[in-house]
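K.L.:
Sequence and predicted structure, then a few things I'm wondering about:
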Amino acid sequence: EDDDDDDSLEEKKVLAELLKEGVKEEELEEGADMKVTSRLKRLDHTLVKRRSLLVKKMQEHMKAIRTVDIYSKAERDARVDALNLTLRHINVTFNSYVKVANEVQKVVNSDFDTYESTMEYYSLFSEEQRKHINDLQLQTMKEHSELHKLLETMAKLKEFDRSRIVEPVKLNQVDKVLSRVDDKAKALQTFLNDHAFIKAQLVEDSHLVTVVKIVSHEHEINLEKDQNKHLQDMAYLVDADSNQYTLSKPADTTSLLEDVNLLNDIIFLLSGCFLSSLICQYMNLPDFIGYVATGTILGPSVLNIISSIVAISTIGELGVFFVLFTLGMEFSITKLWELFNIAVFGSSLSMILVVAIFVFAGSWLNLPYSEVIFVGIIVSLSSTTVVLNNLAPQEHDLSFGKGLLGILLMQDVYLGVIIAFTPMFAAFEDVQFWEVIGSLVWVLLNFVFLALVCVGITKFLLGKLLRVMGDSGAPQRLLSAFALCFLMLKITEAMHISMELGCFVAGLMISTAKPSTQTTLVIGGKPSSVQHGGVSKIMHLVEPVKDLFLAIFFASVGMHVYPTFLLTNAWLLLTLLFCTIVLKYLASFVSLHWLMRPHASIKDAHVISVGLAQVSEFAFVLAGRGRRYQIISQPVYFLLLSVTTLTLLCAPILWRFVDKPKQ
């Protein structure tokens with residue numbers, strides 16, 4: 001410390017001597033500051049004079065260009081634009097210097113005599129550093145726009161120069177054709193260029209971030225020993241928060257690119273699902289347990305082979321959509337009406353009981369009500385996908401099978417309402433009663449409008465569609481069925497209702513629609529006359545596609561399983577798992593048997609309660625939204641994901657040991 005003080009003192013003496021000041025101790029620091037300030041002022045004065053001269057010269061050049069007769073008006077405008085861009089760059093550079101000079105002046109004027117004053121400067125410096133980064137990012141955006149304009153202007157000027165200097169060259173017929181094609185190709189690229197980068201800056205919610213761009217040079221052509229030419233390849237971005245992004249649309253849309261990482265991920269995932277399903281079949285276990293294990297092993301928590309996690313999860317959602325679509329084709333309006341009491345009142349009462357118990361426990365533990373209610377709602381939902389995997393096809397028409405499916409369908413309806421109300425939990429304390437009533441009325445109006453849309457499509461369009469499906473080949477039948485499924489999915493999404501409910505409604509519309517005429521299906525080369533548009537044949541086509549995407553879905557669920565977290569919190573998670581299963585079983589059993597005694601026998605209530613004793617896979621979606629809205633904390637988020645996964649894995653085991661009535 002003494003050596004550092006001596007060095008600092010020596011530096012201050014030198015600065016003071018340069019200023020021709022005395023070398024008294026109390027004047028050293030002030031003398032150094034005065035030296036820096038003096039230099040800044042002299043430099044400012046010089047730069048301001050120089051900048052004024054440059055501006056005058058630029059203006060003179062612009063006047064001179066406008067008087068040149070050999071230039072056309074378009075060329076004069078292009079050359080003036082080039083000078084304006086140059087002048088703008090000079091101004092930006094000068095303004096950048098002024099900002100830096102102000103920063104230097106702040107440092108000079110700051111007080112570092114005590115530790116407290118130094119830490120005060122440090123806190124201010126941290127905030128200034130964030131602002132500085134934002135300014136740099138904004139400046140980068142502007143520089144990109146200026147560069148784009150500059151390149152366009154330079155291209156115009158080169159074209160003008162070439163048209164005056166280069167003599168016309170006689171071309172043969174082939175060169176003429178290729179020249180015309182080249183002109184058309186350039187015009188096409190200009191037309192396809194949507195200037196996404198510039199447009200993105202105008203979006204209201206857009207903001208600037210710093211990213212690292214990684215380009216995979218897989219198509220590399222060796223031209224010479226020390227010279228390589230790279231074709232356009234896939235690009236990946238990583239931002240400062242370690243989020244990874246994949247190229248979705250290249251600037252040159254005429255070039256064909258493929259996301260090799262996504263292809264490799266799907267290949268590894270499907271191969272792993274195949275091997276795990278063989279093992280599960282040998283061990284007499286449900287296939288989806290193997291799919292979940294595959295996702296866990298290949299996911300980020302173990303081998304970290306899968307990189308396109310978001311894309312895989314999105315593709316896997318198609319499996320859930322197709323499950324609800326096929327379920328709708330198996331149902332009818334009559335069957336739904338028979339299940340009305342159990343579906344509406346049974347599901348509502350069981351969910352209310354679960355949430356009430358969570359609220360009671362949360363108040364006892366002094367936890368935030370918004371978090372407790374939100375987690376209770378998530379836990380009250382059960383998995384339609386897992387229950388349909390557990391139910392045998394012949395069990396769908398049994399009393400407990402009908403009860404299970406009715407309750408789960410009603411929960412899918414509630415799911416849309418929950419998603420719509422999720423943002424309100426973020427401001428739970430400030431939510432007004434009239435806001436809740438208004439949201440409920442809006443949701444009810446959406447359901448009424450959905451019913452009208454379904455009636456209209458079924459009455460005027462669906463009969464003709466079924467006739468076309470019957471007269472077409474298998475690919476056309478499959479595509480038309482999926483088109484109807486996705487149409488209803490988008491309609492319900494636009495109404496802020498569950499997309500899964502839209503898929504179920506699409507299947508229900510097919511099962512209840514009356515085709516315009518009797519149709520003929522060609523099956524195995526033999527014509528077969530069937531009524532009702534061949535619904536069973538459509539299901540026969542949809543089933544393999546559904547199973548494929550369902551395997552990807554369960555594998556994506558496995559990617560959110562973290563073995564290290566499970567092991568380090570094993571006892572806590574096992575306790576929560578036991579409490580969750582018991583709570584869900586008791587809530588369902590009490591609702592069905594004691595509160596709805598005429599509609600469900602003891603045995604049916606027992607079987608249905610066991611079937612519902614797991615947490616829905618949509619807990620991942622809702623928990624993610626809750627974390628994004630800061631409704632739930634990070635520890636609760638991880639516990640919720642882990643308990644959900646464990647209940648899904650335990651569901652087939654519990655179902656296997658339950659004594660189900662045969663009739």
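P.N.:
That came through fine.

K.L.:
counting residues per helix, which one in this protein is longest?
P.N.:
helix 115-165 (DSSP state H).

K.L.:
Would you mark the buried spots in the helix or strand following that helix?
P.N.:
The helix or strand immediately downstream of helix 115-165 is helix 173-192, counting by DSSP states H and E. Within helix 173-192, no residue is scored as buried using 16 or more other Cβ atoms under 10 Å. Using the backbone N, CA and C atoms, a C-beta is placed for each residue, glycine as well.

K.L.:
Return the distance of helix 173-192 from the chain's centre.
P.N.:
With Cα atoms, centre = their mean, to the nearest Å as the basis, helix 173-192 stands 39 Å off its chain's centre.

K.L.:
Helix or strand: which one has the residue most central in space within the chain?
P.N.:
Central residue of the chain (Cα atoms, centre = their mean): residue 310, 6.8 Å from the mean position. According to DSSP H and E, residue 310 maps onto helix 309-330.

K.L.:
send the alpha carbons of that helix over as PDB?
P.N.:
Extracted in PDB, the C-alpha atoms of helix 309-330 (Å, rounded to 0.1, in the frame of the first residue of the first chain):
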ATOM      1  CA  ILE A 309     -36.000 -28.500 -26.900                       C
ATOM      2  CA  VAL A 310     -38.600 -25.900 -27.800                       C
ATOM      3  CA  ALA A 311     -39.100 -27.300 -31.300                       C
ATOM      4  CA  ILE A 312     -39.400 -30.900 -30.000                       C
ATOM      5  CA  SER A 313     -42.000 -29.800 -27.300                       C
ATOM      6  CA  THR A 314     -44.000 -27.900 -30.000                       C
ATOM      7  CA  ILE A 315     -44.000 -30.900 -32.300                       C
ATOM      8  CA  GLY A 316     -45.000 -33.200 -29.400                       C
ATOM      9  CA  GLU A 317     -48.100 -31.000 -28.700                       C
ATOM     10  CA  LEU A 318     -49.600 -32.400 -31.900                       C
ATOM     11  CA  GLY A 319     -49.800 -35.700 -30.200                       C
ATOM     12  CA  VAL A 320     -52.100 -34.200 -27.500                       C
ATOM     13  CA  PHE A 321     -54.200 -32.500 -30.200                       C
ATOM     14  CA  PHE A 322     -54.700 -35.800 -32.100                       C
ATOM     15  CA  VAL A 323     -55.600 -37.700 -28.900                       C
ATOM     16  CA  LEU A 324     -58.500 -35.300 -28.300                       C
ATOM     17  CA  PHE A 325     -59.400 -35.400 -31.900                       C
ATOM     18  CA  THR A 326     -59.800 -39.200 -32.000                       C
ATOM     19  CA  LEU A 327     -61.600 -39.100 -28.600                       C
ATOM     20  CA  GLY A 328     -64.100 -36.700 -30.100                       C
ATOM     21  CA  MET A 329     -64.800 -39.100 -33.000                       C
ATOM     22  CA  GLU A 330     -65.600 -41.800 -30.500                       C
END
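
K.L.:
Check which residues of it are buried.
P.N.:
309, 311-313, 315-330.

K.L.:
Mean confidence (pLDDT) on that helix, please.
P.N.:
For helix 309-330, the mean pLDDT works out to 87.

K.L.:
same for it, what does it pack against?
P.N.:
When contacts are defined as 3 or more Cβ pairs under 8 Å, 6 or more residues apart in numbering; DSSP states H and E, helix 309-330 packs onto helix 260-282, helix 384-390, helix 399-426, helix 474-494, helix 499-512, helix 535-558.
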